[in-house]
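Visitor: need the 3D shape of this:
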Amino acid sequence: MSGLSPLAISLNFDSLNEAYGFPPGFRDVSFFTAFDRVAALAAKYALPLSIYIIGKDLEHPDHRARVKEWHDMGHEIGNHTWSHDASLGSQSDAVIREEIGRAHEAIATVTGVAPEGFIAPAWSTSRGVVKELVRLGYRYDSSVFPSLFMYPMVLKSLLSHSMNLEKGRKILGRKDWDLPLVSPLEPYFVDENFKRYDTFAEGRLLILPLPTRRRWQVSTWHTAGFFFGWKKHYRNVEKLCAKRDGFYYLIHPADFIAPEDLSPQYQQHLERMDVPIDEKMRRLEDVFKILAASPRGVSTMGRKAQFLSGQAV
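Guide: A predicted model of the protein is given here:
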């Protein structure tokens with residue numbers, strides 16, 4: 001391993017169940033056939049995954065059994081809130097506590113281990129979110145979007161919900177509008193008041209910003225390849241692997257869900273559902289090859305956070 005922290009793969013498990021509005025009793029193919037595709041690819045290159053689960057998905061017993069299986073396989077299970085509220089950071093302290101705490105308890109019950117990592121839906125963070133994570137003893141949070149491209153991302157989300165005035169109001173209610181302007185691009189620590197520090201101490205939370213080469217450039221996660229071209233995307237991944245201590249690679253189930261996995265019974269607005277599954281898996285494998293070839297090695301986000309906090313790995 002090089003002197004830099006290990007690489008990691010962050011899988012924000014935005015399920016079909018959530019996209020469909022959590023229909024009662026729905027058994028979600030993204031936990032089974034779809035996940036098996038990326039799991040096989042990860043196993044091929046010996047890459048562990050850090051999987052951030054929506055707590056409400058765990059109401060189905062088959063989903064619970066599957067997540068326990070992932071944990072037992074050595075993948076990390078993290079917290080992605082209870083209901084995937086994309087306006088989390090703008091909510092009251094009581095709602096934030098419910099969203100994070102309820103998912104925290106559900107995941108701990110299923111895996112037998114309390115989660116130590118968190119990411120907010122739509123990277124919607126705030127002092128209230130950080131305060132709750134510190135209270136629960138979380139090791140790290142990857143909810144900060146440090147690129148100026150956060151602003152058009154929010155606009156796109158607003159336009160896609162233009163018929164839902166309440167949801168639009170919540171989206172615009174974000175409390176992190178300044179972070180793309182002031183957040184460091186490398187990892188840093190914060191206390192419960194979101195005050196920044198360079199070193200770890202008890203009661204501080206490690207912030208792992210979404211990997212971004214330059215503040216005015218689009219952040220480097222898998223979605224960017226589909227929108228801005230793969231040749232440039234692969235170069236960015238290689239450069240970040242070589243030089244950026246805080247680099248990890250973010251993917252979503254939409255990156256390995258096939259169009260034929262979708263149910264005609266429900267409406268959804270997931271991106272990339274017009275891309276054939278063969279192309280999706282080819283793109284994922286291209287990136288996994290780059291990660292696997294790095295001398296830094298690939299571990300979980302939790303182990304990466306240990307390294308960056310100066311603790312033994």
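Visitor: helices and strands of this protein: which one bottoms out on pLDDT?
Guide: Least confident element among the helices and strands of the chain, by mean pLDDT, DSSP states H and E: helix 165-172 (a mean of 68).
Visitor: other residues contacting stretch 177-186?
Guide: 125, 144-151, 196, 207, 209, 212-215, 244-246 (Cβ atoms under 8 Å, 6 or more residues apart in numbering). Placement of C-beta: from N, CA and C, glycine included.
Visitor: now, those residues that are in helices?
Guide: Per DSSP state H, helices hold the following members of the contacts of stretch 177-186: 150-151.
Visitor: any idea which element K289 lies in?
Guide: Using DSSP states H and E, K289 sits within helix 277-293.
Visitor: give me the buried entries from the contacts of stretch 177-186.
Guide: Taking 16 or more other Cβ atoms under 10 Å as the criterion, what is buried in those is 125, 144-150, 207, 209, 212-213, 215, 244, 246.
Visitor: between these, which sits nearest S157?
Guide: M150 (10.4 Å; Cβ to Cβ).
Visitor: which residues touch the closest one?
Guide: 123, 179-180.
Visitor: how about the lengthiest helix in the chain, which residues are buried there?
Guide: Using DSSP H to define each element, the chain has its longest helix at helix 93-111. Using 16+ other Cβ under 10 Å as the test for burial, helix 93-111 gives 95-107, 110-111.
Visitor: between those residues, which sits nearest R27?
Guide: V110 (16.3 Å).
Visitor: which residues does the closest one contact?
Guide: Applying Cβ under 8 Å, 6+ apart to V110 gives the contacts 58, 64, 67-68, 71, 77.
Visitor: strands of the stretch 151-300 of the chain, start to end?
Guide: Per DSSP state E, counting those that start in this stretch, the stretch 151-300 of the chain carries strands over the ranges 188-190, 196-197, 205-207, 249-251, 298-299.
Visitor: mind listing residues that contact the first one?
Guide: Residues outside strand 188-190 that contact it (Cβ under 8 Å, 6+ apart) are 130, 196-201, 204-207, 309.
Visitor: avg pLDDT for that strand?
Guide: For strand 188-190, the mean pLDDT works out to 98.
Visitor: partners of that strand in the sheet?
Guide: Paired neighbours of strand 188-190 in the sheet (DSSP bridges): strand 196-197 (antiparallel), strand 205-207 (antiparallel).
Visitor: same question for the shortest one, mean pLDDT?
Guide: To tie it back to what came earlier, the one meant is strand 196-197. The pLDDT scores in strand 196-197 average 97.
Visitor: go on, the longest one?
Guide: Averaging pLDDT along strand 205-207 yields 98.
Visitor: what does it contact?
Guide: Residues contacting strand 205-207 (Cβ under 8 Å, 6+ apart): 130, 133-134, 138-144, 183, 187-191, 200, 305, 308-309.
Visitor: one more time with 10 Å
Guide: Taking contacts as Cβ atoms under 10 Å, 6 or more residues apart in numbering, the residues outside strand 205-207 that touch it are 116-118, 125, 129-131, 133-134, 137-144, 146, 179, 183-184, 186-192, 194, 196-197, 200, 246, 301, 304-306, 308-309.
Visitor: tell me, how many residues neighbour the nearest residue to E260 once chain neighbours are set aside?
Guide: Excluding its sequence neighbours, the residue lying closest to E260 (Cβ to Cβ, 6 or more residues apart in numbering) is I277, at 7.7 Å. Neighbour count of I277, defined by other Cβ atoms under 10 Å: 15.
Visitor: distance from stretch 65-80 to the middle of the chain?
Guide: In terms of Cα atoms, centre = their mean, to the nearest Å, the centre of stretch 65-80 is found 14 Å from the chain centre.
Visitor: if you could redo that for stretch 84-101, that was the one I meant.
Guide: Mean C-alpha position of stretch 84-101 versus that of the full chain (Cα atoms, centre = their mean) differs by 16 Å.
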